[in-house]
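Student: Here is my input, please return the structure:
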Amino acid sequence: MYHLTSHIIIPLVAALLCLAFRKEIKVQRNIIGLSQILQVIASIQLCLIVKDQGYLTVNAGGWASDIGIVLVADVLSALMLLCCSVACLFIVFFSFRSIEEKLQKRFLFSATFGNGSS
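Tutor: Below is the predicted model:
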């Protein structure tokens, strides 16, 4: 079974790990790169599942849809999530070389999770 919440959990865990290693830029780069690769893989998996099964819904927290939060993934939203994930993957790896080391120490990499799901 595929969980739609993985697109929320992956960037959240990566951000917490980056805060834990806030003094070590190389560890932050590895965490961010790995999390973005995982996000792209999860997006591809979501596109394939939605293509085969139709739309997916998850009632967050088990609440009913009229009072709770409902996550829905259809073909369009899955493709948009995949496009945003791939774009962010290129942006993250490009930023490793183009942003000065002085700026990287100021939590700039903690804010690079501009993913469409976060």
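Student: Quick check on residue 87: phi, psi?
Tutor: Main-chain dihedrals, residue 87, degrees, to the nearest 10: phi -60, psi -40.
Student: If you count contacts, what does the lengthiest helix in the chain end up packed against?
Tutor: Looking across the chain with DSSP state H, the single longest helix is helix 25-53. Counting by 3 or more C-beta pairs under 8 Å, 6 or more residues apart in numbering; DSSP states H and E, the packing neighbours recorded for helix 25-53 are helix 6-20, strand 56-59, helix 75-98. Where C-beta positions appear, they are placed from N, C-alpha and C, glycine not excepted.
Student: Which of the ones you listed has the highest mean neighbour count?
Tutor: helix 6-20 (a mean of 17; mean count of other C-beta atoms under 10 Å).
Student: Give me the helices and strands touching it, please.
Tutor: helix 25-53.
Student: mean confidence for the helix it packs on?
Tutor: Helix 25-53 comes out with an average pLDDT of 91.
Student: quick one on the thing from earlier: between the helices and strands packed on helix 25-53, which one is nearest to residue 47?
Tutor: Closest to residue 47 of the helices and strands packed on helix 25-53, according to C-beta to C-beta: helix 75-98, at 4.6 Å.
Student: And for residue 62, nearest residue in space, chain neighbours not counted?
Tutor: residue 68 (7.7 Å; C-beta to C-beta, 6 or more residues apart in numbering).
Student: now the one you found, what's its secondary structure?
Tutor: coil (DSSP: H, G, I helix; E, B strand; the rest coil).
Student: ok, it touching residue 58?
Tutor: No: with contact defined as C-beta atoms under 8 Å, residue 68 does not reach residue 58; the gap is 10.1 Å.
Student: any low-confidence regions in this structure?
Tutor: 1-2, 101-118 (pLDDT under 70).
Student: at 80 what do you get?
Tutor: 1-4, 60-65, 96, 98-118 (pLDDT under 80).
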